[in-house]
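[1] Just need the structure, nothing else, for what follows:
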Amino acid sequence: MKEKVTGIISFLGGIGWGLFGVFIIFDEGIDDDFFFLLFALLLPAISIIMYVIWTKFGKKEFSELEKMDYENQLLKRQIEQKELKKKLEE
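    Next comes the predicted model:
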């Protein structure tokens, strides 16, 4: 849930930053020296929006290998717990 909220906040921040950049561009006009400001304003906004969309608003999907690794770790912990219980009972 935290990831989804953070993704939404980042997405809205990226949109706001992009709109601010567009406002600055139309207000000031574009000249050669101003191109750097255009690049500096819009690149982070576009990157934020693309990242949030690609990660589906913070929803991380695990690959099959990551799922198997997680299940293996879970099984190892369960085996260790059973072994510790046996030692405690003795």
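[2] From Tyr70, how far off is Glu64?
    Using C-beta to C-beta, to the nearest Å, Glu64 is found at 11 Å from Tyr70. The way it works is simple: take the backbone N, C-alpha and C, and place the C-beta from them, glycine included.
[3] Which residue of those two possesses the greater neighbour count?
    Tyr70 (11 against 7; other C-beta atoms under 10 Å).
[4] Tell me which stretches of the protein form strands.
    Read by DSSP state E, the chain holds no strands at all.
[5] Residue ranges of each domain in it, please.
    Domain ranges of the chain: 1-59, 61-90, per automatic domain parsing.
[6] average model confidence for the first one?
    Confidence over domain 1-59 (mean pLDDT, whole number) is 77.
[7] what about it, distance to the chain center?
    How far domain 1-59 lies from its chain's middle: 15 Å, per C-alpha atoms, centre = their mean, to the nearest Å.
[8] Likewise for the last one?
    Domain 61-90 has its C-alpha centroid displaced from the chain centroid by 28 Å (C-alpha atoms, centre = their mean).
[9] Return every residue with contacts to both of Glu64 and Tyr70.
    By C-beta atoms under 8 Å, 6 or more residues apart in numbering, Glu64 and Tyr70 have no common neighbours.
[10] out of the domains of the chain, deepest packed?
    Ranked by mean neighbour count, these are led by domain 1-59 with a mean of 13 (mean count of other C-beta atoms under 10 Å).
[11] where do the helices sit along the chain?
    2-28, 34-54, 64-89 (DSSP state H).
[12] Can you tell me which helices and strands the longest one packs against?
    Read that as helix 2-28. When contacts are defined as 3 or more C-beta pairs under 8 Å, 6 or more residues apart in numbering; DSSP states H and E, helix 2-28 packs onto helix 34-54.
[13] CA atoms only: put the helix it packs on into CSV for me.
    Extracted C-alpha coordinates of helix 34-54, given in CSV (Å, rounded to 0.1, in the frame of the first residue of the first chain):
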residue,chain,number,x,y,z
PHE,A,34,17.1,28.8,-22.4
PHE,A,35,17.3,25.3,-23.9
PHE,A,36,19.3,24.1,-20.9
LEU,A,37,16.6,25.2,-18.6
LEU,A,38,14.0,23.5,-20.8
PHE,A,39,16.1,20.3,-20.6
ALA,A,40,16.6,20.6,-16.9
LEU,A,41,12.9,21.1,-16.2
LEU,A,42,11.4,18.5,-18.4
LEU,A,43,13.8,15.6,-18.3
PRO,A,44,13.2,14.8,-14.6
ALA,A,45,9.5,15.2,-14.9
ILE,A,46,9.3,12.9,-17.9
SER,A,47,11.6,10.4,-16.1
ILE,A,48,9.4,10.4,-13.0
ILE,A,49,6.2,9.8,-15.0
MET,A,50,7.8,7.0,-17.1
TYR,A,51,9.2,5.3,-14.0
VAL,A,52,5.9,5.3,-12.2
ILE,A,53,4.0,4.0,-15.2
TRP,A,54,6.6,1.3,-15.9
